[in-house]
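S.K.: how would this look folded up:
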Amino acid sequence: MVVEQCIIIIFYKDIGEFKIMSVSVVIPNYNGEMYLKACMESLMEQSLKADEIIIVDNASTDESVKYIKNRYSNIVKLICLEKNYGFSKAVNEGIKNSNSEFVVLLNNDTELHKEWLLELYNCIKDDESIFSACSKMLRFDNRNIIDDAGDEYTIFGWARKIGDGELSDKYKESREVFSSCAGAAIYRTSIFKKIGLFDENFFAYLEDMDISYRARIYGYKNYYSAKAKVYHIGSATSGSRHNSFKVKLSARNSIYLIYKNMNDIQIVVNFAFILLGILIKWLYFSVKGLGRDYISGIIEGIRTRKKINRVIVKNNLYNYINIEKMLVKNTLHLFKRG
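M.R.: This is a model prediction of the structure:
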């Protein structure tokens, strides 16, 4: 892969002897010119200033790169990829080029509350067992409605956005969640060195669930920061909520997620539920005219799963038991909420 370093400008809070910077913000971009102004302006107005801003462009065909160079050449490190490698590759390049204790991943189709970065930082900084903390993502066009307040995973092999479509006031308290949504989340850089970066085989969708699951296998936690508010447009890069591309890729990645992170005992214990989950989703997408795309993705995931490196951590039965308890608890929540 060829990576063109368009601009490399790094700012430090302290001069003189080198010090590790506190927070880097990484923004993956693909044809996001129309969203970058609101995102960048709100980032510039943060009460806690980012030590470093990195934009990774996935070979945009609009004027994104030109816009960034013209407007932000003095404050942004811009990395231009030769083609669209997807979300995982883009954020990995940003993480590898960062110089901070914490890395924040941020979608380009967002607008940020002034205290957003400070609240994310405060949520994670003092507890070294926390791998990630996600934002209170609110709908851009209706800012009292939740878009995402952390993610759950169930024994059906389903990932679910917490609070999607519900009133913001129901999610006032910060708490532990199974997974952080990578659209606006902070990560502890030192833990990446232990568990690895985002899996680039996923391209997009469920890559954040994968890395959060992996962190839990290693004994780390993920949190939701209720005061870190982000206003999110959603589907700005990939289109509508359900389309052939999304459904097929998400279905494939759901198989990768299970194969990679569940140990053999978990797969046996949850196998019947996973099959039922696949059947229910196939019926759901069939009604929407996307049943073939869903099954095609499932088959591709099964056929190509061996290219995925399974997570193998010895002597951590305790962590797997805790994970299974969370999956069961999340499944019960699913039925309770209807």
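
S.K.: so what strands line up beside the longest strand along the chain?
M.R.: For the chain, the longest strand by residue count, based on DSSP state E, is strand 221-232. Strand 221-232 pairs in its sheet with strand 110-112 (antiparallel), strand 130-139 (parallel), strand 175-177 (antiparallel), by DSSP bridges.

S.K.: in CSV, list those strands along with mean neighbour count, distance to Ile146 and mean pLDDT.
M.R.: Yep, even glycine has a C-beta here, placed from its N, CA and C like the rest. Shown next, in CSV, are the strands paired with strand 221-232 (neighbours: other CB atoms under 10 Å; distance: least, CB to CB, whole Å; pLDDT from 0 to 100):
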stretch, mean neighbour count, distance to Ile146, mean pLDDT
strand 110-112, 23, 14, 97
strand 130-139, 27, 6, 98
strand 175-177, 16, 13, 98
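
S.K.: now these in CSV, with distance to Arg252?
M.R.: Below are the strands paired with strand 221-232 laid out as CSV (distance: least, CB to CB, whole Å):
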stretch, distance to Arg252
strand 110-112, 27
strand 130-139, 24
strand 175-177, 24
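
S.K.: which of the ones you listed sits closest to Val91?
M.R.: When the strands paired with strand 221-232 are compared for distance to Val91 using CB to CB, the nearest one is strand 130-139, at 12.5 Å.

S.K.: and after that closest one, which helix or strand comes next?
M.R.: strand 142-148 (DSSP states H and E).

S.K.: can I get the CA coordinates of that next one in PDB?
M.R.: Extracted in PDB, the C-alpha atoms of strand 142-148 (Å, rounded to 0.1, in the frame of the first residue of the first chain):
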ATOM      1  CA  ASN A 142     -33.400  16.200  16.400                       C
ATOM      2  CA  ARG A 143     -31.000  16.900  19.200                       C
ATOM      3  CA  ASN A 144     -33.200  15.400  22.000                       C
ATOM      4  CA  ILE A 145     -33.100  12.000  20.400                       C
ATOM      5  CA  ILE A 146     -30.300   9.400  20.900                       C
ATOM      6  CA  ASP A 147     -28.400   8.100  17.900                       C
ATOM      7  CA  ASP A 148     -26.000   5.900  20.000                       C
END
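
S.K.: report all helices and strands that that strand contacts.
M.R.: Contacts defined by 3 or more CB pairs under 8 Å, 6 or more residues apart in numbering; DSSP states H and E place strand 142-148 against strand 130-139, strand 221-232.

S.K.: quick check: angle from the last one to strand 142-148?
M.R.: Just to be clear, that refers to strand 221-232. Interaxial angle of strand 221-232 relative to strand 142-148 (axes from the mean of the first three to the mean of the last three CA atoms, to 10 degrees): 150 degrees.

S.K.: for the helix or strand that strand 221-232 is followed by, C-alpha coordinates in CSV please.
M.R.: Next in sequence after strand 221-232, counting helices and strands by DSSP H and E, comes helix 244-261. Only the C-alpha atoms of helix 244-261 are listed here, as CSV (Å, rounded to 0.1, in the frame of the first residue of the first chain):
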residue,chain,number,x,y,z
SER,A,244,-27.2,-3.9,-0.3
PHE,A,245,-23.7,-2.9,0.5
LYS,A,246,-24.3,-2.4,4.2
VAL,A,247,-26.4,-5.5,4.7
LYS,A,248,-24.0,-7.8,2.9
LEU,A,249,-20.9,-6.4,4.6
SER,A,250,-22.4,-6.3,8.0
ALA,A,251,-23.6,-9.9,7.6
ARG,A,252,-20.2,-11.1,6.6
ASN,A,253,-18.6,-9.2,9.5
SER,A,254,-21.0,-10.7,12.0
ILE,A,255,-19.5,-14.1,11.2
TYR,A,256,-16.0,-12.8,11.4
LEU,A,257,-16.8,-11.3,14.8
ILE,A,258,-18.1,-14.6,16.2
TYR,A,259,-15.3,-16.7,14.7
LYS,A,260,-12.6,-14.3,15.9
ASN,A,261,-13.7,-13.5,19.4
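
S.K.: pLDDT of helix 244-261, averaged?
M.R.: For helix 244-261, mean pLDDT rounds to 97.
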